[in-house]
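Colleague: task: produce atomic coordinates for the following.
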Amino acid sequence: MRFAFGYFKKHFLMTDAEVASRRQRIVDCAAANHRELVALFVDEIATAPDEFHNALVAVMELNDRAMIVPSLVHFAGSGNPIEFRELLRAQHVAVLLSEPPQQAGRAC
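Modeller: Here you go, the predicted model:
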């Protein structure tokens, strides 16, 4: 079995239902990519980036590395999210997105 770790940072006024939905999308993403979700790290606004750092440490301990995040925005605390994704890829960490990007100008 291939493994993955999940991560997201809660946003201001995030409801319990939103947290549960985001968690489920990460679980579903792992399954869709034939990976077992080992752990899901969630940062509270007040604790960030503690859990993010814990997720990075955990994922780097595996040979077959994958991190699941809702979107690249969750890397913004570490600088440019696109550059950070490329840094992870250079370390052989697959970055999987659990939520499809929204296109500007499209109605939901």
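
Colleague: residues contacting the residue nearest to R2 when sequence neighbours are not counted?
Modeller: Of all residues not flanking R2 in the chain, R35 sits nearest, at 4.7 Å (C-beta to C-beta, 6 or more residues apart in numbering). No exception for glycine: its C-beta is placed from N, CA and C like everyone else's. R35 is in contact with 1-4, 66, counting by C-beta atoms under 8 Å, 6 or more residues apart in numbering.

Colleague: from L62, how far out is R35?
Modeller: R35 sits 11 Å away from L62, going by C-beta to C-beta, to the nearest Å.

Colleague: what's the overlap in contacts for the two?
Modeller: In contact with both R35 and L62: F3, using C-beta under 8 Å, 6+ apart.

Colleague: buried ones in the longest helix along the chain?
Modeller: Using DSSP state H to define each element, the chain has its longest helix at helix 16-32. The neighbour-count check on helix 16-32 (16 or more other C-beta atoms under 10 Å) flags 22-23, 25-26, 29-30 as buried.
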